[in-house]
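Q: Model the structure of this input:
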Amino acid sequence: LKLTDPQILISVVYSIRESYDSPIKNADQALGEKKYDPALIHYRNALSLMPGEKYPAQKIEEITALSAQLKTLDENYKKAISEADKLFAQAKYTEAVDEYTKALELKPEEVYPQQKITEAQNQLSLAKSKDENYALAITKADKSFADAKYEEALSEYTQATLLKPSERYPIDKASEINKILAKLKSEASQYTLAIEKGDKALASGNYSPALLAFREALSIKPAEKYPQEKITEINSAIESQKKIDEQYITAVNTGDQLFAAKDYTLAVVAYSEAADLKKNEKYPQEQIGKINKLLDEARSADENYSQAISEGDNYFTNLKYTEAVASYKKASGIKSSEVYPKTQIEKINELIAGQKKLEADYQAAIVAADKLFTAQKYDDAITGYKKALELRPAEKYPTDKITETEKLIADLKNQQEAYDKAVADGDRYFSEKDYSNSLNAYTNASALKPSEAYAKQRISEVKAILDKDKAEGERYLEAVTEADKLLTEMKY
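A: From the prediction side, this is the model:
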C-alpha cells in the first residue's frame with residue numbers, strides 16, 4: 001500500500017484529527033478551570049500533532065500572556081501583603097489597613113487580607129479602649145496611694161503598666177510603693193521580733209529583758225496598745241514579785257532556824273510555804289527532802305524492812321522485776337543477815353535470764369523467717385514464723401507475717417495460672433496463624449512474669465512474622481502504585 005492511496009490518506013488524516021481533538025478538549029477544559037499549566041501542556045501536545053493549526057498556537061500565546069499578568073499581579077499582591085504585615089507587626093494598624101486593602105483590590109477572593117483588616121481595626125478599637133482603661137487605672141491608683149492603701153495602689157499601677165508598658169509614671173509610682181512597703185515590712189518584722197522576745201521573756205518570768213523588748217516594740221509602733229499593756233503588766237508583776245521575794249526570804253530563814261533546832265515538822269511547814277511562793281526554787285524542796293530523809297532514818301529498822309519486803313513482793317507479783325530487785329536490795333541493806341530478800345533477788349535474776357533467752361530465741365526465729373521471706377522461700381518462712389509464735393503466742397508480728405505470706409503464695413499461684421493461660425492462648429493463636437492476638441497473649445504473659453524467657457522469645461518470633469508480612473504488603477503497594485503511574489503515563 002502507498003500513502004498516496006486516497007483511502008489510506010483519509011484514514012491517516014482522520015486518525016490524526018482524533019488524536020488532535022482529545023488534547024484540545026482537555027486543554028479547553030483545564031483553561032476553563034484556570035488550570036493554566038495543564039492547559040498549556042495539552043495545547044502543546046495538540047500543536048505537535050498538527051503544527052499548522054492556529055487555534056492551539058493562539059491559546060498558547062494567550063496562556064503565556066495571562067501567566068505573565070498573573071505573575072505580576074501575584075508579585076504586587078505579595079509585596080502589598082509583606083508591607084502590610086510589617087506595618088501590622090510595628091502596631092501601625094492604620095497604614096497596615098491601607099496596604100491590606102491594596103492587596104485585596106488585587107485579589108478580591110483572598111481571605112487573608114480581609115482577616116488582617118478586621119484584626120487591625122480591632123486593634124485600633126482596643127487601643128482606644130486601652131487609653132481609657134489606663135486613665136481609669138491611674139485615677140484609682142492615685143486615690144489608693146493618697147489613702148495609704150499601698151497594696152491596692154500597687155496592683156492598680158501594675159495594671160496601668162500592663163496597659164501601657166512604655167509609660168514611666170506608673171512604673172515610678174510602683175517603685176515608690178515597693179520602697180514604702182519594704183520599710184513597713186521591715187518595721188513590722190522588727191516589731192514582731194521585739195514582741196516575740198518580750199512574750200518569751202515574760203513567759204519565763206524574766207521581767208527586765210521583757211520590759212526592754214516591749215519598750216523597743218512601742219518605739220517602733222507607738223500607737224499599738226499591746227506593748228503598752230504588757231509594760232503596765234510587767235511593772236505590776238515586778239511589784240508583786242518584790243513582795244513575794246520578801247515573803248520567800250522570811251519563810252526560808254524561819255525554816256533554816258527550825259531545821260537547826262531539829263524541829264523538823266515546823267521546818268517542813270516553813271519550807272513548804274517558801275516552795276509555794278517560788279515553785280522553781282530548788283532550795284526549799286531540797287531541805288524538805290533532807291528532812292524527810294532524816295525522818296525516814298529515824299523510823300525503826302523493822303518498819304523499813306517490812307515495808308521494803310512488802311513493796312518487793314508486790315512488784316514481784318506484778319512482774320516488775322527491776323523495781324522488785326531494788327526493794328529487796330533496800331530490805332537487805334537494812335537487815336543484811338536476812339536470807340529472804342537475797343533468795344528473791346537470785347530467783348528474779350534466774351527469771352530475767354530465762355526471759356532474755358526466750359527473747360533471744362524468738363528474735364532468732366523472726367530473723368531466720370524474715371530471711372526466708374526475703375528469699376521468697378514462703379513455705380519455710382511460714383514454718384519459721386510459727387516457731388516464733390510458739391515462743392511468744394501473744395506477738396502480733398509473726399501472725400501478720402503468716403497471713404501476708406499465705407496471701408503471697410495464693411497471689412503467686414494465681415499469677416502462675418494467669419501466665420500459663422496467657423501462654424496457652426498465645427500458642428493456640430500462633431498455631432492458628434492469628435499473629436495479632438497471639439502477640440497480645442504473649443505480651444500479657446510477659447507482663448505477668450517478666451523474667452520468663454519463653455514469652456519474650458515467642459514475642460520476637462511473632463513480631464518477625466508480622467514485620468515480614470508488613471514488608472511484603474508494602475512491596476505489593478509500591479508495585480501497584482508504580483504500575484498505576486506507568487498506565488497513567490501510557491507507558492504500556
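Q: count of neighbours near A441?
A: For A441, the neighbour count with other C-beta atoms under 10 Å is 25. In this view, the C-beta of every residue, glycine as well, is placed from N, C-alpha and C.
Q: so what's it up against?
A: Contacts for A441 (C-beta atoms under 8 Å, 6 or more residues apart in numbering) come out as A422, V423, D425, G426, Y429.
Q: just these now: which is nearest E338?
A: A422 (79.3 Å; C-beta to C-beta).
Q: Low-confidence stretches in the stretch 151-300 of the chain?
A: Along the stretch 151-300 of the chain, segments meeting pLDDT under 70 span 298-299.
Q: Equivalent analysis for the stretch 1-150 of the chain, please.
A: Applying pLDDT under 70 to the stretch 1-150 of the chain picks out residues 1-13.
Q: That one: helices as residue ranges?
A: Here the stretch 1-150 of the chain has its helices, by DSSP state H, counting those that start in this stretch, at 6-32, 36-49, 54-89, 93-106, 112-146, 150-163.
Q: hmm, back to that, just the contacts of A441: which are in strands?
A: Residues of these located in strands (DSSP state E): none.
Q: Can you lay out the helices of the stretch 1-150 of the chain as CSV showing mean neighbour count?
A: Converted to CSV, the helices of the stretch 1-150 of the chain look like this (neighbours: other C-beta atoms under 10 Å):
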stretch, mean neighbour count
helix 6-32, 14
helix 36-49, 18
helix 54-89, 15
helix 93-106, 19
helix 112-146, 15
helix 150-163, 19
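Q: Output those helices as a markdown table; include the columns distance to E216.
A: Converted to a markdown table, the helices of the stretch 1-150 of the chain look like this (distance: least, C-beta to C-beta, whole Å):
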| stretch | distance to E216 |
| --- | --- |
| helix 6-32 | 95 |
| helix 36-49 | 91 |
| helix 54-89 | 59 |
| helix 93-106 | 60 |
| helix 112-146 | 30 |
| helix 150-163 | 25 |
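Q: and of these, who's closest to S300?
A: helix 150-163 (80.3 Å).
Q: How far off centre is that closest one?
A: 32 Å (C-alpha atoms, centre = their mean, to the nearest Å).
Q: Check which helices and strands it is in contact with.
A: helix 112-146, helix 168-203 (3 or more C-beta pairs under 8 Å, 6 or more residues apart in numbering; DSSP states H and E).
Q: Next, the buried residues of the helix or strand following the last one.
A: Moving toward the C-terminus from helix 168-203, the next helix or strand (DSSP states H and E) is helix 207-220. Within helix 207-220, the residues that qualify as buried are Y207, A210, L211, A213, F214, R215, E216, A217, L218, I220, counting by 16 or more other C-beta atoms under 10 Å.
Q: Then stretch 469-483?
A: For stretch 469-483, using 16+ other C-beta under 10 Å, no residue counts as buried.
Q: so how far is that stretch off the chain centroid?
A: 49 Å.
Q: just stretch 313-330 next, same as before
A: Worked out by C-alpha atoms, centre = their mean, stretch 313-330 lies 56 Å from the chain centre.
Q: can you tell me the average pLDDT over it?
A: Mean pLDDT, stretch 313-330: 89.
Q: Please, which helix or strand holds the closest residue to A275 other than its chain neighbours?
A: Using C-beta to C-beta, 6 or more residues apart in numbering and skipping residues adjacent in sequence, the residue nearest A275 is P284, 4.2 Å away. P284 belongs to helix 282-298 when assigned by DSSP H and E.
Q: which other helices and strands contact that helix?
A: Checked by 3+ C-beta pairs under 8 Å, 6+ apart, helix 282-298 has helix 225-260, helix 264-277 packed alongside it.
Q: List the buried residues of the longest one.
A: The reference is to helix 225-260. For helix 225-260, by 16+ other C-beta under 10 Å, it's P227, K230, I231, I234, A237, Y248, A251, V252, T254, G255, L258, F259.
Q: what do you get for the shortest one?
A: When burial is assessed from 16+ other C-beta under 10 Å, helix 264-277 yields the following buried residues: Y264, A267, V268, A270, Y271, S272, E273, A274, A275, L277.
Q: and the angle for that helix with helix 225-260?
A: 170 degrees (axes from the mean of the first three to the mean of the last three C-alpha atoms, to 10 degrees).
Q: picking up where we left off before, how about the helices and strands packed on helix 282-298 in JSON lines, adding distance to S451?
A: Formatted as JSON lines, the helices and strands packed on helix 282-298 follow (distance: least, C-beta to C-beta, whole Å):
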{"stretch": "helix 225-260", "distance to S451": "70"}
{"stretch": "helix 264-277", "distance to S451": "74"}
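Q: Minimum distance to K173: which of those has it?
A: Closest to K173 of the helices and strands packed on helix 282-298 is helix 225-260 (C-beta to C-beta; 33.0 Å).
Q: Distance from the chain centre to the closest one, please.
A: That offset, for helix 225-260, works out to 56 Å (C-alpha atoms, centre = their mean).
Q: Mind giving me the packing neighbours of it?
A: So helix 225-260, by 3+ C-beta pairs under 8 Å, 6+ apart, packs with helix 168-203, helix 207-220, helix 264-277, helix 282-298.
Q: Is it possible to get JSON lines of these that adds distance to A68?
A: JSON lines is the format used below for the helices and strands packed on helix 225-260 (distance: least, C-beta to C-beta, whole Å):
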{"stretch": "helix 168-203", "distance to A68": "55"}
{"stretch": "helix 207-220", "distance to A68": "86"}
{"stretch": "helix 264-277", "distance to A68": "117"}
{"stretch": "helix 282-298", "distance to A68": "114"}
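Q: nearest to N318, of those helices?
A: When the helices and strands packed on helix 225-260 are compared (using C-beta to C-beta), the closest one is helix 282-298, at 24.0 Å.
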